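A.B. asks: Make a model of this:
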Amino acid sequence: MSMSLTFQQRMQELYQSFIKFDALQHERIQRYRNIEPDSALFLAMQIRIQQSKSILEIGTSTGYSTLWLANAAQTTQGQVTTIEIDPSRTAQAQQYAQELALDEMIDFWVGDAQNFLEKCTDQYDFILLDAERDAYIGYWTYLQNMIQLQGGVLIVDNVISHAAEVKSFIELVKNDGRFITMTLSIGAGLFMICYK
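C.D. replies: Okay, the predicted model is just below:
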């Protein structure tokens, strides 16, 4: 199934339901905080353009972005590994993945991303970082070695909407001479990192 109308329609419905849920939550941590639709579409296009095979997502939440990544991975014969600390959100994401027949493309990993990163020896063509922002500097120690040298990219969400929270992380990366970076004003702001 390529990006059919039914996939896009279903994603629109899911997004609306997630937005409604978030509006009722008083605590930020209770919200699903899914990626913006424009950002999700950009990521899905980027996977197709790069022909990414190995895809890592840090922060599944309810799987809105995961489904977009997996839908793109279908066209590249790729595989998505997605990490989420909350088992109930992972279960929700798995349910949507089954419904859209994308569950074969996704490896759901439940636990603390830090633990996954510490043990990971793989490199990825495409990495999406959309998790708790205060952990990014700690994650970077590992992530920098996980970006595929040839054409791999790490994309960080919410860098415009939460600029202050990611400022030190962005400075750290920008000051590393091995990388080229760019901030795109798509959705809540995407920060792209790749090797020179």
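A.B. asks: first to last residue in stretch 139-156, what's the distance?
C.D. replies: One end of stretch 139-156 to the other measures 12 Å (Cα to Cα, to the nearest Å).
A.B. asks: typed the wrong thing, it's stretch 122-141
C.D. replies: According to Cα to Cα, stretch 122-141 extends 14 Å from its N-terminal end residue to its C-terminal end residue.
A.B. asks: Check which residues of it are buried.
C.D. replies: Within stretch 122-141, the residues that count as buried by 16 or more other Cβ atoms under 10 Å are 124-131, 133, 135-136, 139-140. From N, CA and C alone the C-beta is placed, and that goes for glycine too.
A.B. asks: so which helix or strand takes in the residue nearest to the spatial centre of the chain?
C.D. replies: Averaging the C-alpha coordinates of the chain gives a centre point, and the residue nearest to it by Cα atoms, centre = their mean is Leu128 (3.3 Å). With secondary structure defined by DSSP states H and E, Leu128 is part of strand 126-129.
A.B. asks: and the next element down the chain from that strand?
C.D. replies: Moving toward the C-terminus from strand 126-129, the next helix or strand (DSSP H and E) is helix 136-143.
A.B. asks: Tell me the first helix or strand C-terminal of that next one.
C.D. replies: Scanning forward in sequence from helix 136-143 by DSSP H and E, the next helix or strand is strand 153-156.
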